[in-house]
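A.B. asks: Need a 3D model of the following:
(6 chains)
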Number of protein chains: 4
Amino acid sequence: MAMTVRQQKIVTVAVRLLAERGIQQLTLKNLAAELKVSEPAIYRHFTGKYAILDAVLDSFAEIAQSVLDELPADTMDPLTGIELFIRDRLERMNANPPLAKVMFSEELFQDDPQLAEKVLSIMHSHKVRTETLILRGQAEGKIRPEIDPTVLFRLIFGPLRLLIKQWGLSGYRFELLAEGMKQWRTIRDLIELPGNRPE
Amino acid sequence: MAMTVRQQKIVTVAVRLLAERGIQQLTLKNLAAELKVSEPAIYRHFTGKYAILDAVLDSFAEIAQSVLDELPADTMDPLTGIELFIRDRLERMNANPPLAKVMFSEELFQDDPQLAEKVLSIMHSHKVRTETLILRGQAEGKIRPEIDPTVLFRLIFGPLRLLIKQWGLSGYRFELLAEGMKQWRTIRDLIELPGNRPE
Amino acid sequence: MAMTVRQQKIVTVAVRLLAERGIQQLTLKNLAAELKVSEPAIYRHFTGKYAILDAVLDSFAEIAQSVLDELPADTMDPLTGIELFIRDRLERMNANPPLAKVMFSEELFQDDPQLAEKVLSIMHSHKVRTETLILRGQAEGKIRPEIDPTVLFRLIFGPLRLLIKQWGLSGYRFELLAEGMKQWRTIRDLIELPGNRPE
Amino acid sequence: MAMTVRQQKIVTVAVRLLAERGIQQLTLKNLAAELKVSEPAIYRHFTGKYAILDAVLDSFAEIAQSVLDELPADTMDPLTGIELFIRDRLERMNANPPLAKVMFSEELFQDDPQLAEKVLSIMHSHKVRTETLILRGQAEGKIRPEIDPTVLFRLIFGPLRLLIKQWGLSGYRFELLAEGMKQWRTIRDLIELPGNRPE
DNA sequence: GATGAATGAGCGTTCATTCAT
DNA sequence: GATGAATGAACGCTCATTCAT
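C.D. replies: Residues are numbered from 1 along each chain as shown, chains lettered A, B, ... in the order given. Next up, the predicted model:
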């Protein structure tokens, strides 16, 4: 769990390689070259390639959940909660662009059944947490109750994912944060219960 | 352009391998095993692995555009056009599930610059065509005009992509077509200009 | 022995491929492409690659010996005989430049023991015939008798081979025939018995 | 430039394979078998096959030039210089017979344009250096001035090359050094200016 | 005479990993 | 902590050759 500095460095480089050059180029050779050490040196810090990919996924999971964990989930306004989550997401991608190219590429880990399972569980846990917010929003009369929560989830996060992917494919050529928040406000306006925003 | 029967068979198997086992397992050896021929036999039909991947992308492009091409783009009701496109997409995925796992995995082709470029161009052409429909919908007073068309594009296709991805990751465990159309109707109701629906 | 037109054509192309692109590129695929037929078609005319190389060597042997065979070996002036032979050689190379790059590359056939043996026997027979002329020249008082005939052989044909090799490597950029005859005259003057040329 | 012991060993074996079994059998598999390692092991020491062939050529170049470099080119008697060069050449071949089969087989490297170019440049530099000696010999009245220096070059080195080739093809069955020096003396006597040898 | 399709053997190369130092 | 050297397995690909048509 608690990673050494060296391990974190390796994971960071691995994510960058994954993003910039694809899975096929995420080899120990390239990793070692980027880290300016020999290949066997990496085995000091990880038991093998699988362990590195596992740590990469852990870092994704951490990113995905850190905000949600810190929110006072039970009391905070659900729409504000979702907004904070989205903003946090965008800011993290903005600060570490390679993530944008990689984080939603669940297929990349398809090779190993255990890693694929982990990907699913991360996605699932993320979905559960945000759907809780959505459900509470509907219960509290803040989100249109007639929309299926599952659809709502995809309505909120589908465009976000697509936006981030486009940002990555575009070579980070537009302002992710501004565009992302504009898009969120548009969606929020559409799914918010009329009359919710009296203030 | 005009592929032989054997070539089409190879492409089909390649897509399936890509979907089921990932790019790393899309090897000539596995391809040959699936086709029940030796590896060199494949070189009679394609000049190499690159050519196979290229043909796979061509088949994606064809799928993505066939409906849009057949629509009488200028006269048809834009929302109906989008709906037809979405339905066609869902039906094709339903008929060929491996596609669902692969078609939006643009990263898979990142390894080769030419293929990556092709992926971008397919995405772009798809975006241009649907945005044309969106713009006309706004001009004709059928779609909310205050929403940025680019955001509208992501609002429509982001959830669709996410749905298809979930379907693939779930092992095709829900009714893609029903769920997809339900989702589309929800989105349509949100983006449609009030008063457009005379009923 | 008696080759069909098609067989001769194949041998000619084989020699050209050998000269222009080296042994490694003398493949049935390249051969077939040059001949504008499919690969199996070649098996109509030769039993395999070995047979083709064998025929190539036969064509070399034929070239090397044709003049010597036609000379009235016993009566003709030996130095004139050698000169005719050299001139014939130069003219043949001039007329079919690829030969220049290939004909003295005995190593090329090293791969197959039988072909290597054939190369040696061609060289040997050529050596025997010309040494006969040399010996008679010495016996008739026309060539310096104090020089070892074997050395004389290398003195005459070593420079010729080197000249032809340089011509090939230079891309045929000088006048082979003129340069070759000039060189021969120089050598002839050196090995001729003083007093032999009173006329 | 500075090769490791392992690299030199590989080059030596490569030359031997080249000589004994030809370019077609100079495969990594055979190389590895001779070295008693696995094939990938070789990649620790050379980046690939091209690099090995390149090193082989470098070793040829070194052999060809080492003597000429050490000679006090400007002051030494030209004929003695040529003789030293020839003797050195013969001794090196004698000490490392595979060289005899390979060193003049310029065609072997024809497959790769860069290597072919290197072969030419080695030949050229060798020619330039020896022709300098020849020209000085003519200027100093020690070599017949009426003979074209280019012809003289071929007159000296053509027989030498042919001798070495015959030695290799014969399976090293005669005394290369003795035969070579005898041949050189014969040639020297022919090209030396009468009166140069007062003894 | 010729072809399309196929094949076993072999090619140069890269992979993740191990081990002695 | 780190390295140089090595390895078995696998990669994409080309070879000469065969065979049914």
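
A.B. asks: The helix ranked longest in chain A packs against which elements?
C.D. replies: Ranked by number of residues, the top helix in chain A under DSSP state H is helix A:113-139. For helix A:113-139, the packing partners by 3 or more Cβ pairs under 8 Å, 6 or more residues apart in numbering or on different chains; DSSP states H and E come out as helix A:49-70, helix A:78-95, helix A:149-169, helix B:149-169. All C-beta spots, glycine's among them, are computed from the backbone N, C-alpha and C.

A.B. asks: now do 7 Å
C.D. replies: With contacts defined as 3 or more Cβ pairs under 7 Å, 6 or more residues apart in numbering or on different chains; DSSP states H and E, the packing partners of helix A:113-139 are helix A:49-70, helix A:78-95, helix A:149-169.

A.B. asks: Specify the angle between it and helix A:78-95 in degrees.
C.D. replies: Note on geometry: by axes from the mean of the first three to the mean of the last three Cα atoms, to 10 degrees, helix A:113-139 and helix A:78-95 are set 140 degrees apart in direction.

A.B. asks: So for helix A:113-139, what gets flagged as buried?
C.D. replies: Residues of helix A:113-139 classed as buried by neighbour count (16 or more other Cβ atoms under 10 Å in any protein chain shown): A:115-116, A:118-119, A:122-123, A:126-127, A:129-130, A:132-134, A:136-138.

A.B. asks: Ranking the helices and strands packed on helix A:113-139 by mean neighbour count, which comes first?
C.D. replies: Among the helices and strands packed on helix A:113-139, the stretch with the highest mean neighbour count (mean count of other Cβ atoms under 10 Å in any protein chain shown) is helix A:149-169, at a mean of 22.

A.B. asks: hmm, that helix touching chain B?
C.D. replies: Yes. Using Cβ under 7 Å from any Cβ of the partner chain, helix A:149-169 reaches chain B at A:151, A:154-155, A:157-159, A:161-163, A:169.

A.B. asks: now for that helix, which elements pack on it?
C.D. replies: helix A:78-95, helix A:98-102, helix A:113-139, helix A:176-191, helix B:149-169, helix B:176-191.

A.B. asks: can you redo these as CSV with distance to residue D:96 and mean pLDDT?
C.D. replies: Output for the helices and strands packed on helix A:149-169, formatted as CSV (distance: least, Cβ to Cβ, whole Å; pLDDT from 0 to 100):
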stretch, distance to residue D:96, mean pLDDT
helix A:78-95, 63, 92
helix A:98-102, 54, 85
helix A:113-139, 55, 90
helix A:176-191, 66, 97
helix B:149-169, 64, 95
helix B:176-191, 72, 97
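
A.B. asks: Output the set of residues of chain A in proximity to DNA strand E.
C.D. replies: Proximity of chain A to DNA strand E, by Cβ under 7 Å from any atom of the strand, involves residues A:25-30, A:39-40, A:43, A:48-50.

A.B. asks: most neighbours, which of the residues you listed?
C.D. replies: Of all the residues of chain A next to DNA strand E, the highest neighbour tally under other Cβ atoms under 10 Å in any protein chain shown goes to residue A:26, namely 22 neighbours.

A.B. asks: What score does the residue nearest the centre of chain A have for pLDDT?
C.D. replies: Nearest to the geometric centre of chain A sits residue A:64, at 4.7 Å (Cα atoms, centre = their mean). Residue A:64 carries a pLDDT value of 72.

A.B. asks: pretty sure it contacts residue A:126?
C.D. replies: Yes. The criterion here is Cβ atoms under 7 Å, and residue A:64 meets it with residue A:126 at 5.1 Å.

A.B. asks: Isn't residue A:19 up against residue A:102?
C.D. replies: Yes. Using Cβ under 7 Å, residue A:19 is in contact with residue A:102, at 4.7 Å.

A.B. asks: still on that earlier bit, quick one: contacts for the residue nearest to the centre of chain A?
C.D. replies: A:122, A:126 (Cβ atoms under 7 Å, 6 or more residues apart in numbering or on different chains).

A.B. asks: about what we covered before: and the residues of helix A:149-169 next to chain B, which is closest to residue A:179?
C.D. replies: Distance to residue A:179, by Cβ to Cβ, is smallest for residue A:163 among the residues of helix A:149-169 next to chain B, at 6.5 Å.

A.B. asks: Flag every residue of chain A that's near DNA strand F.
C.D. replies: Checking chain A against DNA strand F by Cβ under 7 Å from any atom of the strand, the hits are A:4, A:6, A:37-41, A:43-45.

A.B. asks: got a winner among these for most neighbours?
C.D. replies: Sorting the residues of chain A next to DNA strand F by how many neighbours each has (other Cβ under 10 Å) puts residue A:45 first, at 20 neighbours.

A.B. asks: tell me the secondary structure for that residue?
C.D. replies: Following DSSP: H, G, I helix; E, B strand; the rest coil, we place residue A:45 in the coil state.

A.B. asks: per-residue confidence at it?
C.D. replies: pLDDT, residue A:45: 93.

A.B. asks: Identify the residues contacting stretch A:28-36?
C.D. replies: Outside stretch A:28-36, the residues that reach it (Cβ under 7 Å, 6+ apart) are A:9-10, A:13-14, A:17, A:38-39, A:41-42, A:49.

A.B. asks: Tell me the one of these nearest residue B:86?
C.D. replies: When the contacts of stretch A:28-36 are compared against residue B:86 (criterion: Cβ to Cβ), the nearest one is residue A:17, at 36.0 Å.

A.B. asks: circling back: how big is the angle separating the longest helix of chain A from helix A:176-191?
C.D. replies: Between the axes of helix A:113-139 and helix A:176-191, defined by the same axes, to 10 degrees, the angle is 50 degrees.

A.B. asks: so what's the backbone phi/psi at residue A:174?
C.D. replies: Main-chain dihedrals, residue A:174, degrees, to the nearest 10: phi -130, psi 170.

A.B. asks: Check the spacing between it and residue A:164 real quick.
C.D. replies: Using Cβ to Cβ, to the nearest Å, we find residue A:174 at a distance of 11 Å from residue A:164.

A.B. asks: same thing with residue A:135?
C.D. replies: Distance from residue A:135 to residue A:164, by Cβ to Cβ: 25 Å.

A.B. asks: What of residue A:148?
C.D. replies: Distance from residue A:148 to residue A:164, by Cβ to Cβ: 24 Å.

A.B. asks: Please apply the same query to residue A:57.
C.D. replies: Counting by Cβ to Cβ, the separation of residue A:57 from residue A:164 is 18 Å.

A.B. asks: excluding its backbone neighbours, what's nearest residue A:138?
C.D. replies: Excluding its sequence neighbours, the residue lying closest to residue A:138 (Cβ to Cβ, 6 or more residues apart in numbering or on different chains) is residue A:145, at 4.6 Å.

A.B. asks: Many thanks, I have nothing further to ask.
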